[in-house]
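Engineer: Quick one, structure for this:
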Amino acid sequence: MNSIYQTTLIKPVIFKGIGLHSGKNSELKVLPSSANTGITFKRVDLENRNIIHANYQNVSSAKLCTTLENKFGAKVSTVEHLIAALYIAGIDNVLIEINSEEVPIMDGSAKEFLKIFKKSNIQILNEKRNFLKVLDKVELTDGDRSISLEPNGETLEIEFQLEYENKVIGKQKNIINLNKHNISDISDSRTFCLFKDIEKIKKAGLAKGGSLDNAIVVDDHKVLNENGLRNDKEFVNHKILDLVGDFMLSGFRILGKVKCYQGGHQLTNMFLRKLLNTHVKDVNQKLEKFQISRKYNLEESPKIAINA
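Structural biologist: A predicted model of the protein is given here:
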C-alpha cells in the first residue's frame with residue numbers, strides 16, 4: 001500500500017446491490033482515472049451538476065454512514081466501505097459512476113468490493129503518491145469520545161477501542177498495522193446494530209435495505225445471524241474498516257498511529273478537519289522505501305466547538 005507511485009484500474013468493474021439506508025437498488029461502475037484526480041463520484045441518474053469529489057470537506061452527514069455532497073446538493077452516501085476497499089487494494093484514482101443516491105451495502109463489509117479489486121489489473125501512473133506524516137501528536141476529544149494521531153514511522157497503525165453496555169459486544173479493542181499485518185479480518189467485518197434500535201432507526205427513515213444478509217444484528221444475549229460472527233473482534237474490526245475509509249477522504253495516505261475510543265464517522269471527520277487545517281510545511285524527504293511528497297508540521301489549532 002506504500003508504493004511510490006499512484007495507481008488506477010485498467011478496466012472498469014461493476015457492482016450491484018441494495019442501499020442499506022435508502023432501500024433502493026443501485027449499480028456503480030468503477031472506471032479508470034488519471035493521476036491526481038483521486039476518487040470521484042458521478043451521479044449518472046442526474047443530468048448535470050452531478051460530480052461529487054470524495055473529500056473530507058464534502059462530508060455533509062455522518063449519521064450512521066458517511067454522506068458526500070457537492071455544492072449543488074447532489075449526494076452519495078454509505079461510501080466508506082467502498083473507499084476502504086480502494087485503500088486496501090492500493091487504488092488511488094477512479095471515477096465511480098452510480099445511478100442512485102447510495103452505494104450498495106453488499107454484505108455489510110468491504111469483502112465483496114475487495115475481492116473484485118484484487119482480481120483487477122492495476123495501472124501504475126507516473127505521478128508519486130502524496131503521504132501525510134505527522135511530526136507531533138494531534139488529538140481531539142468530544143465528551144467521552146477521543147481520537148489522536150501520533151508519529152509511527154512509515155506505517156499506518158490503528159488502535160481502536162469500543163465499549164457497549166450490551167453483553168455480546170461489551171468491550172473490544174484491536175491494534176492493526178495496515179502495512180504489516182494481515183487485514184482480512186478488517187475487510188471482512190460487517191456493519192452491526194442492536195435489535196432494540198432497529199425500530200428507532202427505521203422511524204428515522206434509515207436502514208430500509210437492512211437485513212441479516214448485510215448486517216450483524218445483536219440481541220441482549222446473542223448474535224441473531226445464523227452463522228454468527230466472522231471473527232472474534234468483528235465489531236471493533238468493522239469500526240477500524242470505517243475509519244480507514246473515512247481517512248482516505250483526506251486525500252493522503254496517512255502515516256502514523258491512530259488511537260480511537262468510542263469513535264465513528266462524525267468524530268473521524270471532525271478530526272480530519274482539525275488535522276488538515278493546521279500549519280502546513282512543504283518538504284521533500286526521501287525515506288528508505290518511498291518518498292513523502294508533503295510532510296506536515298502540525299501545530300495545535302484553537303479549541304473548536306462541537307455540535308452533537
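Engineer: From Asn177, how far out is Val223?
Structural biologist: 28 Å (Cβ to Cβ, to the nearest Å). In this view, the C-beta of every residue, glycine as well, is placed from N, C-alpha and C.
Engineer: So for these two, which residue has more residues nearby?
Structural biologist: When Val223 and Asn177 are compared on other Cβ atoms under 10 Å, the one with more neighbours turns out to be Val223, at 19 against 15.
Engineer: Tell me the pLDDT of the closest residue in space to Lys137 that isn't next to it in sequence.
Structural biologist: Once flanking residues are discounted, Lys137 sits nearest to Glu150: 4.0 Å by Cβ to Cβ, 6 or more residues apart in numbering. What the model reports for Glu150 is a pLDDT of 95.
Engineer: Am I right that Glu150 is in contact with Lys133?
Structural biologist: No. Shown here, Glu150 and Lys133 do not form a contact pair, counting by Cβ atoms under 8 Å, at 11.0 Å.
Engineer: Which neighbours do the two have in common?
Structural biologist: Residues within reach of Glu150 and of Lys133 at once, by Cβ atoms under 8 Å, 6 or more residues apart in numbering, are Gly256.
Engineer: Show me which of those two is the more surrounded one.
Structural biologist: Lys133 (21 against 15).
Engineer: Would you check how far apart that one and Ile183 are?
Structural biologist: 20 Å.
Engineer: Same check on Ile18?
Structural biologist: Relative to Ile183, and taking Cβ to Cβ, Ile18 is found at 26 Å.
Engineer: Same question for Ala204.
Structural biologist: Here Ala204 is placed at a distance of 32 Å from Ile183 (Cβ to Cβ).
Engineer: In terms of packing, which of the two has more residues around it?
Structural biologist: Residue environment comparison for Ala204 versus Ile183 gives the larger neighbour count to Ile183, 21 against 11, counting by other Cβ under 10 Å.
Engineer: Would you confirm that the more buried one contacts Ile176?
Structural biologist: Yes. Because the distance of 6.1 Å satisfies Cβ under 8 Å, Ile183 is recorded as touching Ile176.
Engineer: Need the distance between the two termini of stretch 130-142.
Structural biologist: The first and final residues of stretch 130-142 sit 29 Å from each other (Cα to Cα, to the nearest Å).
Engineer: for it, which positions count as buried?
Structural biologist: Using 16 or more other Cβ atoms under 10 Å as the burial criterion, the residues of stretch 130-142 that qualify are Asn130, Phe131, Leu132, Lys133, Val134, Val138, Leu140, Asp142.
Engineer: Out of those residues, name the ones that lie in strands.
Structural biologist: Using DSSP state E to define strands, the subset of these located there is Phe131, Leu132, Lys133, Val138, Leu140, Asp142.
Engineer: Three-state assignment for the nearest residue to Ile201 once chain neighbours are set aside, please.
Structural biologist: Spatial nearest neighbour of Ile201, excluding adjacent residues (Cβ to Cβ, 6+ apart): Ala207 at 4.6 Å. Using DSSP: H, G, I helix; E, B strand; the rest coil, the structure places Ala207 in coil.
Engineer: got the contact list for Ala207?
Structural biologist: Counting by Cβ under 8 Å, 6+ apart, Ala207 touches Leu20, His21, Leu64, Cys193, Ile198, Ile201.
Engineer: go again using 10 Å as the cut-off
Structural biologist: Contacts of Ala207 were listed using Cβ atoms under 10 Å, 6 or more residues apart in numbering, and they are 20-23, 64, 105, 191, 193, 197-201, 214-215.
Engineer: and the gap between the residue nearest to the spatial centre of the chain and Lys239?
Structural biologist: Residue closest to the average C-alpha location in the chain (Cα atoms, centre = their mean): Gly245, at 1.3 Å. When Cβ to Cβ is applied, the distance between Gly245 and Lys239 equals 11 Å.
Engineer: Break down the chain into its helices, ranges please.
Structural biologist: For the chain, the helices defined by DSSP state H occupy 80-89, 111-119, 184-187, 198-203, 234-248, 265-276.
Engineer: Ok, which of those helices comes nearest Ile52?
Structural biologist: Ile52 sits nearest to helix 80-89 of all the helices of the chain, at 12.3 Å, using Cβ to Cβ.
Engineer: okay, that closest one in PDB with CA atoms only?
Structural biologist: Only the C-alpha atoms of helix 80-89 are listed here, as PDB (Å, rounded to 0.1, in the frame of the first residue of the first chain):
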ATOM      1  CA  GLU A  80     -16.900   4.300   3.500                       C
ATOM      2  CA  HIS A  81     -16.700   0.500   2.700                       C
ATOM      3  CA  LEU A  82     -16.100   1.000  -1.000                       C
ATOM      4  CA  ILE A  83     -13.400   3.700  -0.300                       C
ATOM      5  CA  ALA A  84     -11.800   1.500   2.400                       C
ATOM      6  CA  ALA A  85     -11.600  -1.300  -0.200                       C
ATOM      7  CA  LEU A  86      -9.900   1.000  -2.700                       C
ATOM      8  CA  TYR A  87      -7.400   2.000   0.000                       C
ATOM      9  CA  ILE A  88      -6.600  -1.600   0.900                       C
ATOM     10  CA  ALA A  89      -6.300  -2.600  -2.800                       C
END
